[in-house]
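Colleague: with the input below, show me the fold.
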Amino acid sequence: MANIVPIIRNTEIKPLFKNIENNINKTTIMEDIDRNEIKNKESFHFGPLNTKGLTLDMKSHVISTNFNQLDILTENTNIQTNSCYKHVKEMHKCRNCSKQYKNKKSLTLHMKLHTLQNIFTCKICTKVFTIKRKYEIHILSHSGVKLYSCKTCERKFTAKHSLETHMHIHSGYKPVQCEICGMRFSKKSSLHRHSLIHSGVKPYNCKTCNKSFTQKIQLSNHEKTHNGIRPYVCASCGKSFCRKDVLNVHSRVHYNELRKVK
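Modeller: You can find the predicted model right below:
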């Protein structure tokens, strides 16, 4: 992606370029940029530039800009800012399948799937990988080997990043957020499952009654109603249920009855 030209707010452009019509020296303007850019760096929208690169970039605009056009620059700052945000959100699109990626590197890795170059295929489940390390981690999932353990709950994982994501549950850290309702989650997969609720897409279908669900766990719980197995038994009345959550709801009935007696 091309470098993004930093944008300055209206309130900072006018003081920075004041007295332009009095033929102020360009060197003075450059010195003002050096002094003000760090102090007001929150006013800039950074692309891949660092602070030093920003200084050089701004000076190049001063040298090439006609002073008579600076008023136009000031008036159109908001338009330029919107254009900048649009540029940041630009996606890299695959010409073969139209799938989009946030950066060129991800697109390059994806293209390997179409060209069949440097790809790694799991012999057990035929899943394909473009990165060898991810392929090796995936192989461990079939072996049952789990090298990484959570010190809080002792749950084990095959990959280190899976353990790190799991730790968010204990810390309460939820870095990903739903853009529609604002609900936050500890991992991207949870956000993906949640987003299906808003989209209305229900990809999991029951083979017995064709009822569809947004989440796989919902389908699994539903299928238990068809197989006739009821492993969860109420300790108070002996009634059995196919799902534990249904048993929990049922148990409240007995709990409320006991409270009335007391």
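Colleague: break the protein down into its domains, please.
Modeller: 10-88, 93-171, 232-261 (automatic domain parsing).
Colleague: what's the pLDDT at Lys89?
Modeller: In this prediction, Lys89 carries a pLDDT score of 52.
Colleague: circling back: which one of the domains of the chain has the lowest average pLDDT?
Modeller: Among the domains of the chain, domain 10-88 scores lowest, at a mean of 45.
Colleague: OK, contacts around Pro231?
Modeller: Ser240, Cys242 (Cβ atoms under 8 Å, 6 or more residues apart in numbering). Bear in mind the C-beta positions are built from the backbone N, C-alpha and C, glycine included.
Colleague: and it, how far from His250?
Modeller: 14 Å (Cβ to Cβ, to the nearest Å).
Colleague: cool, Lys207 as well?
Modeller: 28 Å.
Colleague: same thing with Ser141?
Modeller: 36 Å.
Colleague: and if you look at Leu140?
Modeller: Relative to His250, Leu140 is positioned 40 Å away (Cβ to Cβ).
Colleague: Lys123 now?
Modeller: Taken as Cβ to Cβ, the span from Lys123 to His250 is 46 Å.
Colleague: so which of these two has more stuff around it?
Modeller: Taking other Cβ atoms under 10 Å, Lys123 and His250 do not tie; His250 has more neighbours (15 against 8).
Colleague: the more buried one touches Phe241, doesn't it?
Modeller: Yes: using Cβ atoms under 8 Å as the test, His250 is close enough to Phe241 to be in contact (6.7 Å).
Colleague: common neighbours of these two, please.
Modeller: Shared contacts of His250 and Phe241 (Cβ under 8 Å, 6+ apart): Cys234.
Colleague: appreciated, that's everything.
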